[in-house]
Every structure is written in structure tokens, then in C-alpha cells.
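1. Let me see the structure of the following:
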Amino acid sequence: MGFWVRFHRRSRWVRWPLKVLVFAAVVLVVLYPKLWLLPRHIARVADLESVLEPANPGLAPFETDVRSAGPETASAKQRLAVVEWVVYRRKPYAFDWDTWGVMNYLPSTAEALAMPRTDCKGRAVVAASLLRRMGDEAYLTADITHMWVVTPVGEIMSPGVGEKTLEGGPQGTQLRLTVGALANLVRGFGFGVAVFPLTRELIIVAALCALSMHPWSSNRRRVVGCLLVLLALGLLHDSTAVGASTCSRPWLGWVGLGVAVVGWITLVLGRRPIQAA
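-> Take a look at the predicted model:
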């Protein structure tokens, strides 16, 4: 603890930026151990059109299934339902961590087709590319928790319930940050916590507690602060019902975030001992 005490004798303008930097590095490595995927993901989110590949030969079996499932005279709206059914059947769901080994990743059409399982983003990419291959207009759109496909005659791939944050279209990708989208953030955060590997979340919690612990606080305060942060993690997990595809109790997520703030404040506060004259 000698280093930690000496470190806390420095100005808070030195301490806190260094603590934030260390914590951000820990979070980044925990969430994106395959760090090279992160810039690729960000670039693709900024340009949703970049992941669509209607000419990809891997879509041929999907197209065959769609055309054989209904008459050639089927309407565009009827074809949407068939495309959705075919993609769901051929691409079972799996979280990004299980498929790509990172928290969140937007695959290209080729990448999504190469994997036996993928999440809503991979499914939406395949469905949109398939529709374009068959001559239909289709674009990707997303809220904070989900991605689906929008066409002139309807939306497929389980359209989200939150306000749209990203919208693909003829004019390119549009980012929309509204009050409704920000309110949806807690739903997305709660769901993300619920489905992410617990062991990796505990690494983040341990880093937060270790960096926040004041060297002149009591052991009781440290224990209480860490327990509150762990309680917050549990509440965030409980905000999403087992088997749910989104945060089903967002109010519990807000309570969890509040408890986390109280726990963090409990850890960072401490009384510096009076120096001898």
C-alpha cells in the first residue's frame, strides 16, 4: 500500500486521469480481446451499406429456399415473411461473444455466411443482402439493443421497440440521438450485462473497486463499497429475464446504476490523516 498512499498524495488532477486511463484500458481488453476487430466494427457501423453484398455466391442457397417456398406471383410483402423465415432457419442465434469473441461486432455478408450461428446483426445483414439480390430495396436499421431490416413495404427480422439510432438509406447512414434513444441506453446496457460472461464482468468490477479504493478509508467502507458494486451488477443481470431478447425490467437497471454510483462514492471518499507538525 506504500505506492498507493504516495500516489494519493499527488493532485487529483494527476490521479484521476491516470485512474480513468487504466480503467478504460482494462475495460477495452475485457470487452475486445480481439482488439483489431474494434476499428473494423466502428467503420462498418458508420457505413451500414459497406456490409451488404447481394452478389455473394453464398446467398444462392438462401435464394433457392425463398423461391421454392412460394409462388413466383407472391407479393413483395409475402416475400419478406419468407426471407425472414429462411434466414432464421439457416442462421441460428448466437451472441457476438460466442461467435466473434468480442462484446459487439457487425459482420460483413461473407463473414455472417461463413459462421454457423450469428446474432441479430449478422441475420439482418444476410436478410438485407438477400432481398437486394432478389431485386428488392432493403436497408439496415438499429436501435441501441437490436438491428433489423427496413423495406418500402415493411420491416422484418423482429423490428426493435426502441427509437431508431442508426438508419441506413439511399443517403447513407444516419445517426439519430434523441431523448428516447438515450432512455433506451439503460435497456441496452442491462441486456448487455445480462448476456456477457460473468467472469469478465467480475474483472471489470475488481478493477473499478481497486482503482476507486481510498487509501485512508476504513476497511468497513471498502467492504461496503465493493458489496454495493457487486449488488449493482446483480441488479443489472436481473433487469433482463432469462431467455428475454432485451432488458425486460429497465427500472431495475436504473436502480442498479444508482446502487453502483453509491458504491463507487463509498469507495472513493476517505479522510486524509492529519500530518504531524
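2. Pretty sure Tyr105 sits against His41.
-> Yes: here Tyr105 reaches His41: they are 5.1 Å apart, a contact under C-beta atoms under 8 Å. C-betas here are computed from N, CA, C, even on glycine.
3. Of the two, give the one with the bigger neighbour count.
-> Neighbour count, other C-beta atoms under 10 Å: between Tyr105 and His41, Tyr105 has more, with 23 against 19.
4. wait, Thr240 sits on Ala194?
-> Yes: using C-beta under 8 Å, Thr240 and Ala194 qualify as a contacting pair, with a distance of 3.7 Å.
5. distance of Asn184 from Trp4?
-> Relative to Trp4, Asn184 is positioned 39 Å away (C-beta to C-beta, to the nearest Å).
6. Please disregard the earlier target; I meant Val150.
-> Counting by C-beta to C-beta, the gap from Val150 to Trp4 is 53 Å.
7. swap in Arg79?
-> 64 Å.
8. So for these two, which sits in the more crowded spot?
-> When Arg79 is set against Trp4 and neighbours are counted by other C-beta under 10 Å, the residue ahead is Arg79, at 22 against 11.
9. And the helix or strand containing that one, what's buried?
-> Here Arg79 sits within helix 76-90, counting by DSSP states H and E. Of the residues in helix 76-90, 79-80, 82-84, 86-87 count as buried by neighbour count, 16 or more other C-beta atoms under 10 Å.
10. Also stretch 52-64?
-> Within stretch 52-64, the residues that qualify as buried are 52-54, 56, 59, 62, counting by 16+ other C-beta under 10 Å.
11. could you dump stretch 161-179 to PDB, C-alpha only?
-> Taking Å, rounded to 0.1, in the frame of the first residue of the first chain, the C-alpha atoms of stretch 161-179 are listed here in PDB:
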ATOM      1  CA  VAL A 161     -39.200  -1.400 -29.900                       C
ATOM      2  CA  GLY A 162     -36.900   1.400 -29.100                       C
ATOM      3  CA  GLU A 163     -36.300   4.600 -31.200                       C
ATOM      4  CA  LYS A 164     -34.000   4.100 -34.200                       C
ATOM      5  CA  THR A 165     -30.500   5.200 -33.600                       C
ATOM      6  CA  LEU A 166     -28.900   4.200 -36.800                       C
ATOM      7  CA  GLU A 167     -30.700   4.200 -40.100                       C
ATOM      8  CA  GLY A 168     -29.400   3.100 -43.500                       C
ATOM      9  CA  GLY A 169     -30.800   4.600 -46.600                       C
ATOM     10  CA  PRO A 170     -30.100   6.000 -50.100                       C
ATOM     11  CA  GLN A 171     -28.400   9.000 -48.500                       C
ATOM     12  CA  GLY A 172     -26.100   6.800 -46.400                       C
ATOM     13  CA  THR A 173     -26.100   6.000 -42.700                       C
ATOM     14  CA  GLN A 174     -27.900   8.500 -40.400                       C
ATOM     15  CA  LEU A 175     -27.100   8.700 -36.700                       C
ATOM     16  CA  ARG A 176     -30.000   9.900 -34.500                       C
ATOM     17  CA  LEU A 177     -29.500  10.700 -30.800                       C
ATOM     18  CA  THR A 178     -32.800  11.600 -29.200                       C
ATOM     19  CA  VAL A 179     -34.100  11.600 -25.700                       C
END
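12. If anything else comes up later, I'll come back, but that's it for now.
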